[in-house]
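K.L.:
Predicted structure and sequence below. I'll ask about it afterward.
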Amino acid sequence: MDNLKIITGNSNPDLAEEIVSKLGKELTQTTVDQFSDGEVHVHVQETVRGASVFVVQSVAPPINKSLMELLLMIDALKRASAKQIAAVIPYYGYARQDRKQTGRVPISAKLVANLISTAGADRLLTVDLHAGQIQGFFDIPVDNLRGDPVLAESIENKISPEEGVVVSPDVGGAKRARKVSQKLNMPLAIVEKKRDSENGNVEVLNLIGEVDCKRCIIVDDIISTGGTLTEVADILKRRGCSRVEAICTHGIFADDALESIESSPIDSVTVTNTIKREKAIEADFINYTSVGKLFAETIKRIYKEKSVSTLFPHS
Ligand code: R5P
């Protein structure tokens, strides 16, 4: 894999280090910092001429800075004659604005897709895009990996199939939760929720499924304010469940999410490292599991032009 190079910015250096070490490589030295006026400054320190370069950078908080770093790294690579540039975006921010829900609002997910393509990316690699159809916003190949096998593995053998129930926190997430319930051989419950378009508050309307005296495992793609998780945990407790755990791919933990989760009936939360683990979120009810191996294996397959879908045999 001599012609494979990996560079990273400031959004997720630990994950990038893990990926390169699993590939038996080293990061291509790159400076990504700021000019004194705040403009992002990028300098790739080694030649990339003719190389296949994978740029590992989540579009995660500080989201606009992360995005700008990503775009400028891609631009630098294009101008340095890289043969192929893959944007590896473990957390694809701006994905929740994927359609016009009212008049005079942007479709930010589409604009961001345009920016990434215009900068010069030849392909995109990500995990659990908030909406799968965002793949269609790109005219380059998109590999949208699944985080649920990694998350399910983190709790496999810790909860027996007889005592657990997998819970989807909304109807849209039922497919993802069903995959986890099948892997863990547990029943599935589904919550119907509504989000207020003005203030973003979550309201739980209904719960379908039996959770009394069960250990509930909520499966979601994103934890942002924690509103979804805490509202769902409340109804599960009211319906008599014995314990609430959550497994989610992207842990943003915005605003006072940690405090809300801590004071809710949620006993533990497991997230992946698609978003940098901050010292501020070292809460003992939060566990991390890594998508490093998944990304390393996928990068290797892309580079060697091997199938990626066979990584998920039961899709
Ligand atoms: C919603 O469709 C998503 O799957 C998540 O449930 C949502 O983005 C979580 O956001 P929050 O933590 O702010 O409720």
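P.N.:
Structure's in. What do you need?
K.L.:
So which other helices or strands are in contact with the top helix by length along the chain?
P.N.:
Identified as the longest helix of the chain according to DSSP state H is helix 63-79. Under the contact criterion of 3 or more C-beta pairs under 8 Å, 6 or more residues apart in numbering; DSSP states H and E, helix 63-79 touches strand 30-34, strand 40-44, strand 52-56, strand 84-89, helix 108-119. For glycine as for every other residue, the C-beta is placed from the backbone atoms N, C-alpha and C.
K.L.:
elements contacting the first one?
P.N.:
Yep, that's strand 30-34 we're talking about. strand 4-8, strand 40-44, helix 63-79.
K.L.:
And the helices and strands packed on helix 63-79: which comes nearest D143?
P.N.:
strand 84-89 (9.0 Å; C-beta to C-beta).
K.L.:
and the angle from the closest one to strand 52-56?
P.N.:
Relative orientation of strand 84-89 and strand 52-56, computed by axes from the mean of the first three to the mean of the last three C-alpha atoms, to 10 degrees: 20 degrees.
K.L.:
By mean pLDDT, point me to the weakest helix or strand of this structure.
P.N.:
Across the helices and strands of the chain, the lowest-confidence element by mean pLDDT, DSSP states H and E is strand 202-208, at a mean of 91.
K.L.:
what residues does the stretch 201-315 of the chain put near the ligand?
P.N.:
V202, D220, D221, I222, I223, S224, T225, G226, G227, T228 (C-beta under 6 Å from any ligand atom).
K.L.:
Kindly tell me how buried the third one is, as a neighbour count.
P.N.:
Taking other C-beta atoms under 10 Å as the criterion, the count of residues near D221 is 21.
K.L.:
and it, what does it touch?
P.N.:
D128, H130, G147, G173, R176, C248, T249, H250 (C-beta atoms under 8 Å, 6 or more residues apart in numbering).
K.L.:
Just give me the neighbour total for the nearest residue to L71 once chain neighbours are set aside.
P.N.:
Of all residues not flanking L71 in the chain, A119 sits nearest, at 4.5 Å (C-beta to C-beta, 6 or more residues apart in numbering). Residue neighbour count, defined by other C-beta under 10 Å, stands at 19 for A119.
K.L.:
What are the buried residues along the helix or strand harbouring E17?
P.N.:
Following DSSP states H and E, one finds E17 within helix 13-22. Going by neighbour count (16 or more other C-beta atoms under 10 Å), the buried part of helix 13-22 is L15, A16, E17, E18, I19, V20, K22.
K.L.:
Against I218, how distant is the residue in the stretch 1-150 of the chain that the ligand sits nearest to?
P.N.:
Closest contact between the stretch 1-150 of the chain and the ligand, by C-beta to the nearest ligand atom, is at R96 (6.2 Å). Noted for R96: a distance of 18 Å to I218, by C-beta to C-beta, to the nearest Å.
K.L.:
neighbour-wise, which of the two wins?
P.N.:
Neighbour tally, R96 and I218, criterion other C-beta under 10 Å: the higher count belongs to I218, 26 against 12.
K.L.:
you'd agree that one is in a strand?
P.N.:
Yes: judged by DSSP: H, G, I helix; E, B strand; the rest coil, I218 forms part of a strand.
K.L.:
Could you find the closest non-adjacent residue to it?
P.N.:
Per C-beta to C-beta, 6+ apart, closest to I218 is A246, 4.3 Å.
K.L.:
what about that neighbour, which helix or strand?
P.N.:
strand 243-251.
K.L.:
What strands flank that strand, and is each parallel or antiparallel?
P.N.:
The pairing partners recorded for strand 243-251 under DSSP bridges are strand 215-223 (parallel), strand 266-272 (parallel).
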